[in-house]
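Asks: The sequence and its predicted three-dimensional model are supplied below.
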Amino acid sequence: MKFRYLLPSALTLAALSGRPANAQDSATVHLSVHVPDSVAHVVDRERARDARFAIVSRDGQAQLLLMDTTIVAQMTDRGLARIDSREVTDTIKGTANRIFARMALGALVPLLDHGIAYHLRDLADARYSDGRLLLLRGNGDEVFRDVEVGHGPLMESFAPEDAKAFAARAKTARARLGY
């Protein structure tokens, strides 16, 4: 079963237009989360220091956290700060448009201050392949497959060494839980 949520459920992760300031006359916020089953769920943001292991995307906007029983995808403090900064809206032409954009983003930040959690018990495999961190369910579906932050898919945004280390630790954590 597949669902695509826009507001409010998908307000977990955002990708802001990355065009140069001189080419940008409006700011856009892309909000999309593909939820293939009821196993993935929205949670309060976790602190990276409380994770067993954490990796951050190359651009510093998103992170994956390996918690005791879940894997959490969320924006970093830096990613949230960027959304909440005036720099995002300063390039918008027109005072009214700029004010509206600042109001909209200001309302969204508290909603974006969450994560998407996936239970380790539902993870069948974790590995790095073809430039992508693969977290797989028993039926072969990829966890966080359609989550995008910044300029592309979240699961392609990590350095290979980080992604490989995360996959190894996720497998170990799952085995330790007896699944």
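Replies: Ah, there it is.
Asks: Look up the closest residue to residue 144, ignoring the ones flanking it.
Replies: Once flanking residues are discounted, residue 144 sits nearest to residue 73: 5.2 Å by Cβ to Cβ, 6 or more residues apart in numbering. Yep, even glycine has a C-beta here, placed from its N, CA and C like the rest.
Asks: Count the neighbours of the one you found for me.
Replies: By other Cβ atoms under 10 Å, 23 other residues sit near residue 73.
Asks: swap in the one 3 residues further on?
Replies: Burial measure for residue 76: 19 neighbouring residues, criterion other Cβ under 10 Å.
Asks: helices and strands around the host helix or strand of the residue nearest to residue 144, which ones?
Replies: Per DSSP states H and E: residue 73 is located in strand 70-75. For strand 70-75, the packing partners by 3 or more Cβ pairs under 8 Å, 6 or more residues apart in numbering; DSSP states H and E come out as strand 62-66, strand 114-119.
Asks: For the last one, which strands pair with it and how are they oriented?
Replies: The one in question is strand 114-119. Strands adjacent to strand 114-119 in the sheet, as given by DSSP bridges, are strand 41-44 (antiparallel), strand 70-75 (antiparallel).
Asks: hang on, the earlier thing: quick one: contacts for the residue nearest to residue 144?
Replies: Residue 73 makes contact with 13, 62-64, 115-116, 118, 144, 147, 154 under the criterion Cβ atoms under 8 Å, 6 or more residues apart in numbering.
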